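Q: got a predicted model here, sequence first, then my questions.
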Amino acid sequence: MRTRYVIKNKMDSKEQVVKIQKTANTIYDLKDHTDVKYCSEITDFLIKKLGVNSDQRISTQNFSALVVSRYLTNHSVLESMASRYGSDLQIIELGSGFTPHFLNLRSEVGKYIEIDLDINSKLKEEITKKLTSKDNIIFISGDILSVDVWNKVKDIIDTTKPVIIFSEGVVAQYFTKEQKEKIANLTKDFLVSNGSAFIIDDTIRNHIELHSNPIIKEGMDRVATQSGNNTYKGEVTSLTHEIDNWSKLFNNKVSTIDYILSKPGMDFAINNLKLIVCMRDIKNEFETVLAQLSENNKNTRVWK
């Protein structure tokens, strides 16, 4: 059941390439610094398709460590929940870009939905078809803050079964307070079954205590400039405040999970980062599970 819904976005070819390059940062960094499967194939596909190289990164070299840790930490939660629920689990990835989460899941889930803007979604569908015969992925093109997009999701999701909705980089880094409230309102009705969760990665925005560090300052300046999003630097907060905010928005139990370690020289920052999991935990069964996952992550390093 490989399905796609298209909401048209008009861009000329140069604008398309620039936009795609801004969302390909994760796959480039994973290819260079991990052995995550399919990263080389996806990167080669993008370079050939776009006629550009992978050197045009949105962040500094040191920030690659944060990108790698973010991806691996998110994937650790997806693997944990997929092994628990299997074909009952439905996963929705917001602003999916070119990350290979679906391709690398060891346990088969019921449905995997990727939501991204039209050009990214088309390219991701094309490359996914080349790399796997699995057909339980659904591509929805459009803005993740669009009501139209979530009306499409309603036709697909079975809310009597667990649903995981996660965002890697988009919501945490670039959304304003108002946009965070909107995405919570658009998604909360999908998270009613036990085991459902909304997962948000941490961001340097949440750690003012690190902002004076020269490495962090350089990285934040570049991300803000390259992304063209002033919210990244202009609307900072604290991790405690961020956790409280998501807890109120979803009215769910919130757990945090330590990041998997990557580049040793960035431990001073990575050790501060926590994945935020707003879990529908009716039976009070997940606190211990997530705590053990967090402990395992804290003692794992993946970097090359």
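A: Right, received. Where do you want to start?
Q: residues contacting Thr23?
A: 95, 97-98, 116, 120 (Cβ atoms under 8 Å, 6 or more residues apart in numbering). C-beta here means a position set from N, CA and C on the backbone, and glycine is covered the same way.
Q: check these and tell me the two furthest apart.
A: Longest distance between any two of the contacts of Thr23 is 10.9 Å, between Gly95 and Phe98; criterion Cβ to Cβ.
Q: higher neighbour count, the two?
A: When Gly95 and Phe98 are compared for neighbours, Phe98 comes out ahead with 24 against 19, by other Cβ atoms under 10 Å.
Q: relative to Gly169, how far out is the closest residue to the more buried one other than its chain neighbours?
A: Nearest non-adjacent residue to Phe98, counting by Cβ to Cβ, 6 or more residues apart in numbering: Ile27, 4.3 Å away. Distance of Ile27 to Gly169, given as Cβ to Cβ, to the nearest Å: 12 Å.
Q: shared neighbours, the two?
A: Gly97.
Q: the host helix or strand of the residue nearest to Phe98: how far from the chain's middle?
A: Take DSSP states H and E as the rule and Ile27 turns out to sit in helix 25-33. Distance of helix 25-33 from the chain centroid (Cα atoms, centre = their mean, to the nearest Å) equals 14 Å.
Q: that one: what's the following helix or strand?
A: Past helix 25-33, the next helix or strand by DSSP H and E is helix 39-50.
Q: restricting to C-alpha, output the very next helix or strand once past that following helix in CSV.
A: Sequence-wise, the next helix or strand downstream of helix 39-50 (DSSP H and E) is helix 64-85. Only the C-alpha atoms of helix 64-85 are listed here, as CSV (Å, rounded to 0.1, in the frame of the first residue of the first chain):
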residue,chain,number,x,y,z
SER,A,64,27.4,16.9,12.6
ALA,A,65,27.8,15.2,15.9
LEU,A,66,24.5,16.6,17.2
VAL,A,67,22.8,15.5,14.0
VAL,A,68,24.1,12.0,14.2
SER,A,69,23.2,11.7,17.9
ARG,A,70,19.7,13.0,17.2
TYR,A,71,19.0,10.5,14.4
LEU,A,72,20.3,7.5,16.4
THR,A,73,18.4,8.5,19.5
ASN,A,74,15.1,8.8,17.7
HIS,A,75,15.7,5.5,15.9
SER,A,76,16.3,3.8,19.3
VAL,A,77,12.8,4.8,20.4
LEU,A,78,11.2,3.7,17.1
GLU,A,79,13.0,0.3,17.3
SER,A,80,11.9,-0.1,20.9
MET,A,81,8.2,0.6,20.1
ALA,A,82,8.2,-1.3,16.9
SER,A,83,9.5,-4.4,18.6
ARG,A,84,6.8,-4.0,21.2
TYR,A,85,3.8,-3.4,19.0
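Q: number of residues surrounding Asp189?
A: Applying other Cβ under 10 Å, we find 11 residues neighbouring Asp189.
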